[in-house]
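>>> sequence and predicted structure below; questions after.
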Amino acid sequence: MNKICSNSYGKLPGFLASFDHSLLSKGPVIQEQVHDFVKKLNTKVLSEKINGITFNSKYIKPELRGGACSAIALRIACPLLDRVKHLPSNSSWDCQADAIDFVELINKSESIEKDQIRSVQAAFNTIIVTSEKISDISQQKIRALAAFYDIKILYSTDEYVIEEGENFERKFLEQIKNLNQGVYLVRAIQEADNRKKESRGHSTIYIKDKKEELYFDPRLGLYKLNEQKKVFFESIYGSKRIYNLDNIKIHLLSK
């Protein structure tokens with residue numbers, strides 16, 4: 001198992017639920033299903049008018065080897081966003097209970113669900129950036145992936161260079177403090193001059209509510225964040241050390 005998929009930090013403060021990424025991070029994919037998912041992604045790209053992005057089935061691999069964090073993160077976000085969407089006006093949301101339920105539901109799902117998540121990630125991996133002239137390539141790529149689950153991107157932060165230390169943490173905490181309540185996809189990448197404009201990446205989920213903040217990393221599990229956001233930075237720095245990830249950006253999700 002790739003190191004980035006393992007819970008190398010144990011249970012850090014604020015631990016709520018574990019998640020076994022190992023069964024999803026690698027393994028065979030259902031070729032016919034992946035082809036269908038590539039077609040669905042391209043249909044979504046056209047209907048959502050997402051410029052400069054396409055998916056090509058010639059890049060489908062027979063098995064998944066590099067992890068499935070984006071498919072997992074968006075799959076977890078999907079029911080959370082559905083719950084928020086259907087909450088009555090002025091009602092409170094027990095995001096912690098819902099997040100635990102949905103993480104455990106995916107974690108304990110049947111093999112057919114796990115096969116599908118791998119197939120979704122395999123389809124995601126066929127992405128091509130067809131134009132470098134589009135504004136905010138990082139956001140457009142996430143828009144294209146999220147559209148698979150009928151998720152929209154309402155807002156994206158500036159991109160930050162990941163630099164371990166107090167200066168980076170102070171700036172990042174200030175950015176998080178200014179975010180509105182909601183469900184966010186956090187995406188860190190290693191930039192590259194290839195069809196994806198990245199060589200590696202890692203996706204996680206950040207949830208900000210009136211009462212609390214939660215963080216889900218497929219390789220660490222679900223956590224309640226404290227004021228220092230220790231788990232947040234353990235996740236970011238761990239990704240940087242293992243995958244040499246350069247930049248990080250946060251995207252507000254909606255349905």
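Everything's here; your move.

>>> which non-adjacent residue is nearest Lys210?
Leaving out its chain neighbours, the residue that sits closest to Lys210 by C-beta to C-beta, 6 or more residues apart in numbering is Gln181, at 6.4 Å. For the C-beta atoms, the positions are set from N, CA and C on the backbone; glycine is no exception.

>>> residues in contact with Val38?
Under the criterion of C-beta atoms under 8 Å, 6 or more residues apart in numbering, the neighbours of Val38 are Phe55, Asn56, Ser57, Ile60, Ala123, Thr126.

>>> and it, how far from Gly14?
Counting by C-beta to C-beta, to the nearest Å, the gap between Val38 and Gly14 amounts to 38 Å.

>>> just the mean pLDDT for stretch 159-171, thanks.
Predicted confidence along stretch 159-171 averages 93 (mean pLDDT).

>>> show residues contacting it.
Counting by C-beta under 8 Å, 6+ apart, stretch 159-171 makes contact with 138, 172, 175, 188, 229, 233, 236-237, 240, 245-249, all of which sit outside it.

>>> try 7 Å this time
Residues lying outside stretch 159-171 but in contact with it, judged by C-beta atoms under 7 Å, 6 or more residues apart in numbering, are Ser138, Phe172, Ala188, Phe233, Ile236, Tyr237, Lys240, Leu245, Asp246, Asn247, Ile248, Lys249.

>>> ends of it, what's the gap?
With C-alpha to C-alpha, to the nearest Å as the measure, the first residue of stretch 159-171 is 12 Å from its last.

>>> off-centre distance for it?
Between the centre of stretch 159-171 and the centre of its host chain there is 20 Å, according to C-alpha atoms, centre = their mean, to the nearest Å.

>>> show me which positions of it end up buried.
Glu159, Tyr160, Ile162, Phe168, Glu169 (16 or more other C-beta atoms under 10 Å).

>>> ramachandran angles for the last one?
According to degrees, to the nearest 10, the main-chain angles of Glu169 amount to phi -60, psi -40.

>>> try the fourth one
Geometry field for Phe168 lists phi and psi as phi -60, psi -50, criterion degrees, to the nearest 10.

>>> and the second one, by the same measure?
Dihedral angles phi and psi of Tyr160 (degrees, to the nearest 10) take the values phi -110, psi 140.

>>> for the residue nearest to Lys210, give its distance to Ile248.
Counting by C-beta to C-beta, the gap from Gln181 to Ile248 is 21 Å.

>>> neighbour count for the two, which is higher?
Under the criterion of other C-beta atoms under 10 Å, the comparison of Gln181 against Ile248 puts Ile248 first, with 23 against 14.

>>> look at that one and tell me its secondary structure.
When classified by DSSP: H, G, I helix; E, B strand; the rest coil, Ile248 comes out as strand.

>>> run through the bridge partners of it.
Beta-bridge partners of Ile248, counted by DSSP bridges, are Tyr160, Ala188.

>>> so who does it touch?
For Ile248, the contacting residues are Tyr160, Ile162, Val186, Ala188, Ile236, by C-beta under 7 Å, 6+ apart.

>>> any stretches of the protein with poor pLDDT?
Along the chain, the model assigns pLDDT under 70 to residues 1-10.

>>> who's in contact with the residue nearest the centre of it?
Centrality entry for the chain: nearest residue to the mean C-alpha point is Ser203, 3.3 Å, by C-alpha atoms, centre = their mean. Residues touching Ser203, when contacts are defined by C-beta under 7 Å, 6+ apart, comprise Cys69, Ser70, Ala73, Leu185, Val186, Arg187.

>>> among the residues you listed, name the ones in helices.
The helices in this structure, assigned by DSSP state H, contain Cys69, Ser70, Ala73 from these.

>>> which residues in the chain form helices?
Ranges of helices within the chain are 22-25, 31-47, 69-85, 95-107, 111-124, 137-146, 166-177, 230-243, based on DSSP H.

>>> compare these and give me the one nearest Arg195.
Of all these, the one in closest proximity to Arg195, counting by C-beta to C-beta, is helix 137-146 (11.3 Å).

>>> list the helices and strands the closest one packs on?
Helices and strands in packing contact with helix 137-146 are listed as strand 53-55, helix 69-85, strand 127-129, strand 152-156, strand 182-190, strand 247-254; criterion 3 or more C-beta pairs under 7 Å, 6 or more residues apart in numbering; DSSP states H and E.
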